[in-house]
Every structure is written in structure tokens, then in C-alpha cells.
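Asker: Return a 3D structure for these sequence lines:
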Amino acid sequence: MRSYTRRIAHKIINEIYRKTRLTATAGIGLNLLLAKLSLDHEANNSPTGLAYWRYEDIPSKFWSFI
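Answerer: Down below sits the predicted model:
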């Protein structure tokens, strides 16, 4: 599931850029909260503009920001 969702997100990001010449970012998670956290805390600073978070990632990725 992870590679499939990443491919779709990259396809959407690339299509937005192709049509508008604007960059986009995407956060992917198992629920809306994880997707939003991954977008705000990782995807915006990622060279690919994409971040994927699972529940297991919360201690290492989220708590390091607080």
C-alpha cells in the first residue's frame, strides 16, 4: 500500500506542476490527523514534497518537534 499511495501522490504533484507550474506537497497517513501532521512537519521541507507517516512514526517524528 505504501508504494501505491506514494505513486499516486507523486502523479498528482507532478500533474499540478505540469498544468500550473506551481509546486505542491502531500502528506500521507492512515488517517486525516497523521496525513496532516506529515504534511506540516515533514512534506513541506522534503525535496520530494511528500511524506508518509504511520502510527509507529509518531514517537520518532512527532515528539521530536515538541
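Asker: buried set for the longest helix along the chain?
Answerer: Secondary structure of the chain per DSSP state H: the longest helix is helix 2-20. Under the neighbour-count criterion of 16 or more other C-beta atoms under 10 Å, helix 2-20 has 6, 9, 13 buried. All C-beta atoms are positioned from the backbone trio N, CA, C, and that covers glycine.
Asker: list the contacts for the second one?
Answerer: To tie it back to what came earlier, the one meant is residue 9. 26, 28, 50 (C-beta atoms under 8 Å, 6 or more residues apart in numbering).
Asker: Distance of it relative to residue 40?
Answerer: Separation of residue 9 from residue 40 (C-beta to C-beta, to the nearest Å): 16 Å.
Asker: rewinding a little: mean confidence for the following helix or strand past the longest helix of the chain?
Answerer: Later in the chain than helix 2-20, the nearest helix or strand by DSSP states H and E is strand 26-29. Throughout strand 26-29, pLDDT has a mean value of 95.
Asker: Against which helices or strands is strand 26-29 packed?
Answerer: Packing partners of strand 26-29 (3 or more C-beta pairs under 8 Å, 6 or more residues apart in numbering; DSSP states H and E): helix 2-20, helix 32-41, strand 50-53.
Asker: Just give me the neighbour total for the closest residue in space to residue 34 that isn't next to it in sequence.
Answerer: Excluding its sequence neighbours, the residue lying closest to residue 34 (C-beta to C-beta, 6 or more residues apart in numbering) is residue 53, at 4.7 Å. When neighbours are defined as other C-beta atoms under 10 Å, residue 53 has 24 of them.
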